[in-house]
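>>> Predicted model and sequence follow; I will ask about them next.
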Amino acid sequence: MKRMVRMPKGSSYSGRLPRGCVLCEQGAKMVLLVTGRCDKECFYCPLSNEKRGKDVFFANERRVAGVTDVIDEGRLMDALGTGITGGDPLLEIDRTVDSINVLKKVFGKSHHIHLYTAQTSNRKIERAAKAGLDEIRFHPSLALWARLDKSSYARAVRLSKKLGLDVGLELPVIPGRGSELVSAIRFADEAELDFVNLNELEFSETNWRALRTLKFDVKDDVSSGVEGSERLARDLLRLDSSVPLHYCSAAFKDGVQLRRRIMRRAKNVKKPYEVLTKDGTFLIGIIETKDIAPTAAHILKRFSVPGELIGSNPKRMRLEIAPWILEDIADELEWPAYIVEEYPTADRLEVERIPLKRR
Ligand code: SF4
């Protein structure tokens, strides 16, 4: 009987968890999207409209201009590793190789780097390995899952192993595709791969129409996971195979990986007037005004607010102030005032807004 290790939020694995996933679980992996371009057209591709098909470069939620910004983002979250993704990063091989080189140089050899790709080019795999890549995760198209041994992936995994990389498959668990998934796992077993990552199939803003057309549904009201995906993954984990299998649920990605990652960043970017919640978000008092400097001067003087508990955000045309102070003074203000909850990410995604004073 295979030993199964349960992880939070329904995830689990047999054998050994890939190193890339260990750091990801700790929230210590920076997500580096080197391009939104990809030459495959998987119907379940979850990539957002902002990224899909576009030549964009993101480190976590931050759009970056180059590797200097990438290093800055890595420092802000105390990254212990980086997951290079896309689109397909091997379509932007120069940017990928530059990133690996600089990340290893700045953060050291132990900074673990894994890369996701659907490409099998020898030359590109060799270049990434030479730059210092640690782990490669191949994502073959669904049409090939049942015959991977006869595909270019058989050669690509052999080469990757020869180059000293940890090698795995990254597959979405599509209900109704159990036999193809079993074939892919058998291939991984025979090719002595280091792991197979099985991801819960998920609805996203870009794939929901395709998934609905195929009659897929969400498994419950609070999850983006597809009904039947988790059940199939559990059956697959029980397969008699020696290749380590890892099932990663949609809830784990959001509730554990993302939450821990943003918590690491939050601790480093927190300002004295921001309150860090247990979810890793910030509570901030905001006062909306076009005249930031005179408004700030007025508030500092009238309410004797300590200077470090107030700040300006001209881009968003607002003053930011400790929420506990704003609650006390909002009634006496002539400007709209709110308590907002935001992610500590570069895009500062707003989660909630509570009005204290409307115009
Ligand atoms: S290979 Fe990956 S990035 Fe490319 S279309 Fe398929 S799921 Fe999307």
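The structure has been received and is ready for your questions.
>>> for residue 11, phi and psi?
With angles defined as degrees, to the nearest 10, residue 11 sits at phi -80, psi 160.
>>> Also residue 32?
phi -110, psi 110.
>>> May I have the residues that are in contact with it?
Counting by CB atoms under 8 Å, 6 or more residues apart in numbering, residue 32 touches 58-59, 70, 82-85, 99. For every residue, glycine as well, the C-beta is placed using N, CA and C.
>>> export these to CSV and tack on neighbour count?
Formatted as CSV, the contacts of residue 32 follow (neighbours: other CB atoms under 10 Å):
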residue, neighbour count
58, 22
59, 25
70, 27
82, 28
83, 22
84, 26
85, 22
99, 27
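>>> okay but residue 60 is in contact with residue 73, surely?
Yes. Here residue 60 reaches residue 73: they are 5.7 Å apart, a contact under CB atoms under 8 Å.
>>> so what sits against both of those two?
Overlap of the contact sets of residue 60 and residue 73 (by CB under 8 Å, 6+ apart) consists of 30, 346.
>>> Residue 35 is in contact with residue 53, correct?
No. Using CB under 8 Å, residue 53 makes no contact with residue 35, being 9.5 Å away.
>>> The two: who's more crowded?
Neighbour tally, residue 53 and residue 35, criterion other CB atoms under 10 Å: the higher count belongs to residue 35, 22 against 13.
>>> Tell me where the stretch 251-359 of the chain is predicted with low confidence.
Applying pLDDT under 70 to the stretch 251-359 of the chain flags residues 358-359.
>>> For the ligand, what is the nearest residue in it?
Residue nearest to the ligand within the stretch 251-359 of the chain: residue 253 (14.7 Å; CB to the nearest ligand atom).
>>> Distance of that residue relative to residue 180?
Relative to residue 180, residue 253 is positioned 23 Å away (CB to CB, to the nearest Å).
>>> before we move on, the earlier item: give the intersection of the neighbour lists for residue 53 and residue 35.
Common neighbours of residue 53 and residue 35 (CB under 8 Å, 6+ apart) are residue 87.
>>> Check the gap between the nearest residue to residue 40 once chain neighbours are set aside and the ligand for me.
Spatial nearest neighbour of residue 40, excluding adjacent residues (CB to CB, 6 or more residues apart in numbering): residue 118 at 5.0 Å. According to CB to the nearest ligand atom, to the nearest Å, residue 118 and the ligand sit 4 Å apart.
>>> Also residue 97?
According to CB to the nearest ligand atom, residue 97 stands 19 Å off from the ligand.
>>> who touches the helix or strand harbouring that residue?
Using DSSP states H and E, residue 97 sits in helix 93-107. Outside helix 93-107, the residues that touch it by CB under 8 Å, 6+ apart are 32, 34-35, 57, 67, 70-71, 74, 79, 82, 84, 89-90, 111, 113, 115, 124, 127-128, 131-133.
>>> 6 Å instead, please
By CB atoms under 6 Å, 6 or more residues apart in numbering, the list of residues contacting helix 93-107 from outside reads 34, 67, 71, 82, 89, 111, 113, 124, 127, 131-133.
>>> Tell me which strands the following helix or strand past that helix pairs with, and in which orientation.
Of the helices and strands lying after helix 93-107 in sequence (DSSP H and E), the nearest is strand 112-117. Using DSSP bridges, the strands paired with strand 112-117 are strand 81-85 (parallel), strand 135-138 (parallel).
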